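Asks: output the structure for:
(3 chains)
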Amino acid sequence: MAGALNALALDSLNAHQREAVTLTEGPLLVLAGAGSGKTRVVTTRIAYLILARRVPPGEVLAMTFTNKAAREMGGRVASMVKGGRERPSIGTFHSFGVRFLRRHIELLGYGPDFSIYDEHDQLQVVREVLGEMDAQTWYTDKSALYALQRAKSGGLGPQELLQLQDSPSDVLLGAVYREYQRILREMNAVDFEDLLQLPMRVCRDHPEAAGRYFERFRYVLVDEYQDTNKTQHDLLRHVTAPHGNVCAVGDDDQSIYAWRGADPGNILNFEEDFPGTRVIRLERNYRSTDTILSAANQLIAHNPERKGKTLHGIRGPGKPLEWIEGDDERDELEKVVTHLKLNKLRAGTSLSSVAILYRSNFQSRGIEEVLREEAIPYLLVGGTRFYDRREIKDAVAYLRLVHNPNDEVSLNRVINFPGRGIGRTTRARLLEIARRESQPCMAVMRRARGYREFTGPAAQSLESLAALLDRYRARFEREPLGEAFRALLSELGIHRAVEKEKSDPKAKETAVALVHELEQATDLYARRHPQARLKAYLERIALYTMPEEPDGRGGQPMVRLMTVHSAKGLEFPHVYVIGMAEDVFPHRRSLEEGGEAEERRLAYVAITRAEKQLVFSMGKERRRLREVIPQRPSRFVLEIDPALFDGVPPVAGDAAAYRPIQEQKKAAARSRFFDQLRKLQAGG
DNA sequence: CTATGCGCCCTTTTT
DNA sequence: GGGCGCATAG
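Replies: Predicted structure coming up:
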């Protein structure tokens, strides 16, 4: 035991960190600056609870924001706490919600085989609702979903929205929202927010059941607390109410998810919500050079409303910052890659110590191109998510439908893929009959030939599809996952169908390769989780953006490419932030929505990823469609003292002439929107 | 009724 | 560069 305790290496922690590890009882808020050893504190705390305080691992619950962070945390804890069969529960809020709902969702009238809808699926539902209510004039599907999610993540139900009646748009949105929820219920589907909200509803309506589930978690930790929304906060209060042993770790300066409902107020008001909270600040930065930290501190000082925190380094000044300016995007990126190659040649930098960060996913395309030409290996992290690829979604839709026959969004995807002669009209009739008889579509399909509405071939197609799905439902019950899936795909002729969809031979090839990859990923999952049924696999797919990777990858050193959002929580000796231009970073859409402070925090996150070297770049022009847009340096690089730069620092450019034109277009669209609202109000 | 092809729109970040 | 809606042909 003494040996195990030594493994915690408490001696090597500073006084604040040690306090954060050993104050185990009661609420604790750790305000941890970037690079202050936060992850180490969290993992050591868990190990400390188990090894020193003899807390059974099953009583520890740790929630993080991303799967990546959860995996990392779990791995580190496991290496400190060896042996023992029981493990602490470590996962994302959402996976915690799924596990809870697996046991209790039936209390709310949902079936146990619920589907989990992503944004794409949600949009299909919203589109249907808007069509039904004839509300497309007021909302686009995206704007409606966006507004609805906002209300939902703020803890507002449709009824509350309808009662608010602050504006006609609230009333309309309330109606859309109510219908959206009704359809989801009918399809036995939940969205991501439901994964948090439905557990909360169980807490409210069935406190005994919820209490029984939660009572075993006697020590609760939450990482990245600044990124939690209201529901998550409420859930946390519920789980910890009996004992108050909650440790929240976060950094208000790194809050970058307000756009998706995160409420920084959660961390700012933590002390009020959890009376008796001890607060510990970790401001010593072990990661970056003083130059990098000065840049970060100078930048973030431009934000109002902070808890106020300054990072202090221990590593000395280090290298100056660098600014690379290219004639256009292509030139910018070539210069970046040249810089990278020189780095490697002169200083022997390993490619795996380098990260190239950008604001938006589409920016990866350009840099990938140049890296490929220069034969520099790279690893794209995140990006177009595997399970979002069309071909993958189509194949997965079959799995979802086999598992949950009520899942009509998935049904819609597969009903004519591969082509079986079912078009819009047949679909509309199917829906109509189902509504009329208050039955699921699948039930109508099973006896399609009994309805005069369907013409011969269509009726036959519908029945055989229903029969096929029923048959595979039984097969998935008894056969191994991989085998059943392979049989299903081959019986459907998915490979051929996917190929037929594309005309370009290259596209054909990648589409088929994707399906193969999905088959392999399924096999791999089945091998790693021999007990797992279809249900578990679908949950895995819904919650993770990437399939499991085969072992032994990544032996070769590679440059990492990712968005700043994906880079949060990571660190790299050498960091390039490309596209540091106004309207790109900060992103203009975000500015329009009043998100300057959040964009600045995002830039702060980017800067504080770097340990030794930090390089910014920009192209003087950017092409979009047929336009050429002049670029000027991002306000964020201009907020950094020029003296910190080597060579020529970024210089403020002239305000470009294109801006007013874009603004006018926006303003015109907005006034049209409000005109329509006024009309709606007048009409009752 | 369905399949196919063309033109129009926007394109932030993610569980 | 990609997805969706619409028009036309089979």
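
Asks: can you give me the helices for the stretch 501-650 of chain A?
Replies: Applying DSSP state H, counting those that start in this stretch to the stretch 501-650 of chain A gives helices spanning A:505-528, A:534-543, A:564-567, A:588-592, A:596-607, A:635-638.

Asks: columns distance to residue A:311, mean pLDDT and mean neighbour count on top of those, output as a markdown table?
Replies: Every residue, glycine included, has its C-beta placed from N, CA and C. Output for the helices of the stretch 501-650 of chain A, formatted as a markdown table (distance: least, Cβ to Cβ, whole Å; pLDDT from 0 to 100; neighbours: other Cβ atoms under 10 Å):
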| stretch | distance to residue A:311 | mean pLDDT | mean neighbour count |
| --- | --- | --- | --- |
| helix A:505-528 | 40 | 85 | 16 |
| helix A:534-543 | 33 | 92 | 19 |
| helix A:564-567 | 17 | 92 | 20 |
| helix A:588-592 | 25 | 86 | 14 |
| helix A:596-607 | 10 | 94 | 23 |
| helix A:635-638 | 17 | 95 | 22 |
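
Asks: among the ones you listed, which is nearest residue A:470?
Replies: The minimum distance between residue A:470 and those falls on helix A:534-543, with 14.3 Å, by Cβ to Cβ.

Asks: near DNA strand B at all, that closest one?
Replies: Yes - on the criterion Cβ under 7 Å from any atom of the strand, helix A:534-543 is in touch with DNA strand B at residue A:543.

Asks: which one of the residues in chain A is closest to DNA strand B?
Replies: In chain A, no residue comes nearer to DNA strand B than residue A:423, which is 2.5 Å away by Cβ to the nearest atom of the strand.

Asks: do I have it right that that residue meets residue A:416?
Replies: Yes - when contacts are counted by Cβ atoms under 8 Å, residue A:423 is listed as touching residue A:416 (7.0 Å).

Asks: settle it for me: which of these two has more neighbours?
Replies: Neighbours of residue A:423 and residue A:416, each counted by other Cβ atoms under 10 Å, are more numerous for residue A:416; the result is 16 against 11.

Asks: got the contact list for that one?
Replies: Counting by Cβ atoms under 8 Å, 6 or more residues apart in numbering, residue A:416 touches A:422-423.

Asks: follow-up on the earlier one: tabulate the helices of the stretch 501-650 of chain A (CSV), appending distance to residue A:77.
Replies: As requested, the helices of the stretch 501-650 of chain A are exported to CSV (distance: least, Cβ to Cβ, whole Å):
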stretch, distance to residue A:77
helix A:505-528, 20
helix A:534-543, 20
helix A:564-567, 23
helix A:588-592, 36
helix A:596-607, 25
helix A:635-638, 36
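
Asks: and the ones you listed: which comes nearest residue A:35?
Replies: Checked against Cβ to Cβ, the stretch from the helices of the stretch 501-650 of chain A lying closest is helix A:596-607, at 10.7 Å.

Asks: show me what that closest one is packed up against.
Replies: helix A:290-300, helix A:564-567, strand A:572-577, helix A:588-592, helix A:635-638 (3 or more Cβ pairs under 8 Å, 6 or more residues apart in numbering; DSSP states H and E).

Asks: what angle do the lengthiest strand in chain A and helix A:290-300 make?
Replies: Counting residues, the longest strand found in chain A (DSSP state E) is strand A:610-619. Relative orientation of strand A:610-619 versus helix A:290-300 (axes from the mean of the first three to the mean of the last three Cα atoms, to 10 degrees): 60 degrees.
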